[in-house]
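>>> Below is the structure, and that's it, no one-letter string:
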C-alpha cells in the first residue's frame with residue numbers, strides 16, 4: 001500500500017467519525033419528525049375516517065408553502081454559518097445568525113397575519129368544497145390555529161438547523177424529537193380524549209413546536225457556545241445571499257405546493273374523497289420511508305459545507321459515499337417492509353373495505369420510488385453545501401413539480417391505479433435529467449491545496465514541514481509568508497502533541513493548506529486528541545513554568561497570523577490560521 005493511499009484511508013478516521021456523530025442524532029430527529037407528521041393523520045383518520053384524511057390532504061399544500069420560507073431561511077442560515085466557521089470566521093457566522101433570526105421572526109408574523117386575513121380565498125384555492133360544508137369547516141378550523149402558531153413553526157426549524165451546526169447535535173436532536181413526540185402524545189389526548197378532531201391535531205402540532213423551541217434555547221446558556229445573537233446593522237445583501245442558498249432547495253416546495261393543489265383536484269375528480277384519503281396514506285408512508293434520507297441529507301449538508309470551506313474534496317467524496325451506501329441499504333429495507341405490510345398500514349390509517357386493497361396498491365407502487373427519491377435528496381444536500389445552487393434548484397423543481405405533474409397528467413386518463421406510478425416516474429426522470437448536466441457543468445475549484453496526515457506515533461513534523469514549504473514555494477508564496485506558515489504549523493502541532501496526546505493508539509493531525517484568491521494562505525488543522533485549544537494556553541514571562549514556556553511559540557503564531565480560530569466540532573479539535 002503506497003503512502004498516499006494509506007494516509008487517505010487513515011484520514012477516514014476523521015470523516016467517518018464525524019459522519020456518525022452527526023448522523024445518529026439526525027436520524028433520531030428525522031424519526032421523531034415522521035412520527036409527528038403521521039400522528040395527526042393517524043388519529044384524525046381513526047376518528048373521522050375519509051373526511052378527516054381528506055382534510056389533512058387539503059392542508060398539505062399550505063405546509064409546502066410554509067416550507068419554502070421556513071426551510072429556506074433555516075437551511076440557508078445553517079449552511080452559511082457552517083461555511084463561515086469552516087473558514088475560521090466566527091464573527092461572520094454570528095452576524096449571519098443574528099440577521100436571519102430577526103428576518104425569520106418578521107416573515108413568520110407577516111405570513112400568519114396574511115393567512116388569517118385571506119382565509120376564504122385560501123380555502124377556495126385548496127378546493128375545500130362547498131362553503132360551510134363539512135370539509136370546508138374542518139379545513140378552516142385547522143388553518144386558523146396553524147396561522148396563529150406560525151412564529152413558533154419558523155423558530156422551531158430555524159433554531160434546530162443552527163444549533164445542530166454549532167456542535168450541539170444532541171440537544172438539537174433532543175429538541176426536534178421531543179417536539180414531535182409531544183405532537184404525537186398531544187394528538188392522542190386532544191383528538192381521541194377531548195374529541196377535538198382536526199382542531200386537536202393542529203393544537204398538538206403547535207404545542208410540539210413551542211416545546212421544541214424552549215429546548216433549543218437551552219443551547220444559549222452554555223459557555224462554549226459560539227452561536228449567539230448580537231446587535232447588527234441591517235445587510236440586505238447578506239440576507240439575499242442566505243436566501244439564495246436556502247431557497248435553491250426550499251423553492252422546490254413552491255412546485256410541490258402547486259403540484260399538490262393540482263393533484264388534489266385531479267384525484268377528487270377521479271375518485272372523490274376516497275382517492276384523497278389514499279394519497280394521504282401514501283404521504284404518511286413517505287414520511288417514514290424517506291426519514292432515513294432526511295437524516296442523511298442533514299448529515300451530508302453541514303459536513304460538506306465544512307469540508308468545502310477547507311477545500312477538502314476527498315472528505316466530501318467520502319461523506320457522499322457513506323450517505324449513498326447507507327441510504328441504499330436502509331432505504332431499500334424500509335421500502336420492502338412497507339410493501340409487505342401495506343394492507344395493515346392502510347387499516348391503521350382508517351381505510352376499510354375495498355379501500356384497503358386500492359390503498360395497498362398505491363403504497364406498494366410508491367415504495368418503488370423510495371431509493372431514487374433518497375438519492376435525489378442526498379445529492380441535493382451536498383450540492384447545496386458546495387455552492388451548486390442551480391443544480392439543487394433543478395433537482396427540486398424536477399422531482400416535485402415538472403416531472404411529477406407531467407407524469408400525473410399523463411397517467412391520470414388511464415385510471416387511478418396508473419396514477420400511482422407518478423412517484424417512481426418523477427424520481428427516475430429527475431435523475432436522468434440532472435446527472436449529465438451536473439457532470440457537464442464543471443465548478444471552478446482552486447488546485448492550490450495541500451493535504452497531509454501526520455501520524456503522531458510514527459512520523460515526525462520535519463517531513464510535514466518540508467512538504468508544506470515546498471508547496472508554498474511552488475505556488476510563488478512570499479519568503480516571509482512561507483516562513484510564517486511553516487512556523488505556525490510547527491508550533492501548533494508541537495503544542496498539540498505535547499499537551500493533548502497520550503501517545504497511545506491511533507493519534508493523528510490532519511492538515512489542509514490552501515491559497516485563497518486574495519493571496520492569503522489558510523492553515524486548517526484537525527486532530528483526534530482530547531479537548532485542547534492551543535490558543536487558550538497561558539502566556540507570560542515565567543520561564544520556570546513549562547506551560548508558559550511552551551506557549552511562547554503560540555504567542556508567535558498569534559502575532560504573525562492575520563486571524564486564528566479554534567472550535568471543538570464533531571468530537572475533534574479544529575483550528576484555522578490565516579497567514
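Structure's in. What do you need? Computed from a predicted model, the values in this text were never measured in an experiment.
>>> Only C-alpha atoms from now on, for both contacts and neighbour counts.
Noted.
>>> Scan the chain for its longest helix.
Longest helix in the chain, counting residues (DSSP state H): helix 3-48.
>>> Any idea how many residues pack against residue 292?
Using other C-alpha atoms under 10 Å as the criterion, residue 292 is surrounded by 25 other residues.
>>> Help me confirm that it comes into contact with residue 330.
Yes. Between residue 292 and residue 330 there is a contact at 7.4 Å, judged by C-alpha atoms under 8 Å.
>>> Check which helices and strands the longest helix of the chain sits against.
Where contact means 3 or more C-alpha pairs under 8 Å, 6 or more residues apart in numbering; DSSP states H and E, helix 3-48 is packed against helix 50-86, helix 169-187, helix 197-216, helix 252-289, helix 291-309, helix 313-340, strand 449-455.
>>> Please work out the average pLDDT along the second one.
I take that to be helix 169-187. For helix 169-187, mean pLDDT rounds to 91.
>>> Name the residues of that helix that come out as buried.
169-184, 186-187 (16 or more other C-alpha atoms under 10 Å).
>>> and if you look at the third one?
Applying a neighbour-count criterion of 16+ other C-alpha under 10 Å, the buried positions in helix 197-216 are 197-213, 215-216.
>>> Now do the same for residue 513: helix, strand or coil?
strand (DSSP: H, G, I helix; E, B strand; the rest coil).
>>> Spatially central residue (nearest the centroid) of this structure, please.
For the chain, residue 298 is the residue whose C-alpha lies nearest the centre (C-alpha atoms, centre = their mean; 3.1 Å).
>>> How about the contacts made by it?
23, 26, 381 (C-alpha atoms under 8 Å, 6 or more residues apart in numbering).
>>> Would you mind listing where the stretch 351-500 of the chain has pLDDT under the threshold?
By pLDDT under 70, the weakly predicted segments of the stretch 351-500 of the chain are 441-447.
>>> any chance you could map the helices in it?
Residue ranges of the helices in the stretch 351-500 of the chain, as given by DSSP state H, counting those that start in this stretch, are 354-367, 370-385, 389-397, 403-411, 416-419, 422-440, 461-474, 479-499.
>>> Does anything pack onto the third one? Which helices or strands?
In this structure, helix 389-397 packs against helix 236-250, helix 252-289, helix 370-385, helix 422-440, with contacts taken as 3+ C-alpha pairs under 8 Å, 6+ apart.
>>> Enumerate the positions of that helix that are buried.
389, 391, 392, 393, 394, 395, 396, 397.
>>> now swap in the fifth one and tell me
Neighbour-count burial for helix 416-419 flags 416, 418, 419 (criterion: 16+ other C-alpha under 10 Å).
>>> got the contact list for stretch 220-231?
Residues outside stretch 220-231 that contact it (C-alpha under 8 Å, 6+ apart): 90, 93, 94, 95, 97, 98, 162, 163, 166, 219.
>>> if I've got this straight, the last one is in a helix?
Yep, that's residue 219 we're talking about. Yes. According to three-state DSSP, residue 219 belongs to a helix.
>>> how many neighbours does it have?
21.
>>> mind checking how far it is from residue 164?
10 Å (C-alpha to C-alpha, to the nearest Å).
>>> what sits in contact with each of the two?
Shared contacts of residue 219 and residue 164 (C-alpha under 8 Å, 6+ apart): residue 171.
>>> returning to what we had before: what's the offset of the longest helix of the chain from the middle of its chain?
Per C-alpha atoms, centre = their mean, to the nearest Å, the displacement of helix 3-48 from the mean C-alpha position of its chain is 10 Å.
>>> And the average pLDDT for it is what?
Computed over helix 3-48, the average pLDDT equals 78.
>>> and the angle for it with helix 169-187?
Between the axes of helix 3-48 and helix 169-187, defined by axes from the mean of the first three to the mean of the last three C-alpha atoms, to 10 degrees, the angle is 10 degrees.
>>> Now do helix 3-48 against strand 449-455, angle only.
Angle, helix 3-48 to strand 449-455, by the same axes, to 10 degrees: 100 degrees.
>>> Helix 197-216 and helix 3-48, what's the angle between them?
Using the same axes, to 10 degrees, helix 3-48 lies at 150 degrees relative to helix 197-216.
>>> So residue 253 sits against residue 68, correct?
Yes. Here residue 253 reaches residue 68: they are 5.3 Å apart, a contact under C-alpha under 8 Å.
>>> Which of these two has more residues huddled nearby?
Using other C-alpha under 10 Å, the more surrounded residue of residue 253 and residue 68 is residue 253, with 27 against 22.
>>> residues contacting the more buried one?
The neighbours of residue 253, taking C-alpha under 8 Å, 6+ apart as the test, are 64, 65, 67, 68, 396, 400.
>>> Can you name the two of the residues you listed that sit furthest apart?
The most widely separated members of the contacts of residue 253, counting by C-alpha to C-alpha, are 65 and 396 (14.2 Å).
>>> What sits closest to residue 139 if chain neighbours are left out?
Sequence neighbours aside, residue 55 is the residue nearest to residue 139 in space, at 5.8 Å (criterion: C-alpha to C-alpha, 6 or more residues apart in numbering).
>>> Around residue 222, how many other residues sit close by?
Applying other C-alpha under 10 Å, I find that residue 222 has 8 neighbouring residues.
>>> got the phi/psi numbers for it?
When quoted as degrees, to the nearest 10, the phi and psi of residue 222 stand at phi -90, psi 140.
>>> Under the pLDDT cut-off, which ranges of the stretch 151-300 of the chain? List them.
252.
>>> quick one: which helix or strand includes residue 526?
Assigned by DSSP states H and E, residue 526 belongs to strand 521-527.
>>> Pull the distance from that strand to the chain's centre.
Computed by C-alpha atoms, centre = their mean, the chain-centroid distance of strand 521-527 equals 25 Å.
>>> for stretch 279-299, same thing?
Here the centre of stretch 279-299 is set off from its chain's centre by 14 Å, with C-alpha atoms, centre = their mean.
>>> can you check stretch 251-258 too?
Chain-centre distance of stretch 251-258: 18 Å, with C-alpha atoms, centre = their mean.
>>> now do stretch 521-530
Relative to its chain's centre, stretch 521-530 lies at 25 Å (C-alpha atoms, centre = their mean).
>>> Pull out the buried residues from that stretch.
For stretch 521-530, the neighbour count (16+ other C-alpha under 10 Å) marks 521, 522, 523, 524, 525, 526, 527, 528, 529 as buried.
>>> tell me the pLDDT at the residue lying closest to the second one once chain neighbours are set aside?
So the one you mean is residue 522. Distances taken as C-alpha to C-alpha, 6+ apart put residue 578 closest to residue 522, at 4.6 Å, once the chain neighbours are dropped. On the pLDDT scale, residue 578 is placed at 91.
>>> what sits against residue 578?
520, 521, 522, 523, 561, 562, 563, 564.
>>> residues in contact with the third one?
By C-alpha under 8 Å, 6+ apart, the contact list for residue 522 reads 513, 514, 515, 516, 576, 577, 578, 579.
>>> thinking the third one is in contact with residue 449, fair?
Okay, so that is residue 515. Yes. Using C-alpha under 8 Å, residue 515 is in contact with residue 449, at 6.8 Å.
>>> one step back: most tightly surrounded among the helices of the stretch 351-500 of the chain?
Comparing these by mean neighbour count (mean count of other C-alpha atoms under 10 Å), helix 370-385 ranks first with a mean of 24.
>>> Which elements pack onto that one?
helix 236-250, helix 291-309, helix 313-340, helix 389-397, helix 422-440.
>>> redo that, cut-off 7 Å
Helices and strands touching helix 370-385, by 3 or more C-alpha pairs under 7 Å, 6 or more residues apart in numbering; DSSP states H and E, are helix 291-309, helix 313-340, helix 389-397, helix 422-440.
>>> Relative to residue 238, which of the ones you listed is closest?
Of all those, helix 389-397 sits nearest to residue 238, with 16.2 Å by C-alpha to C-alpha.
>>> okay, the angle between that closest one and helix 252-289?
For helix 389-397 against helix 252-289, the angle between stretch directions is 60 degrees (the same axes, to 10 degrees).
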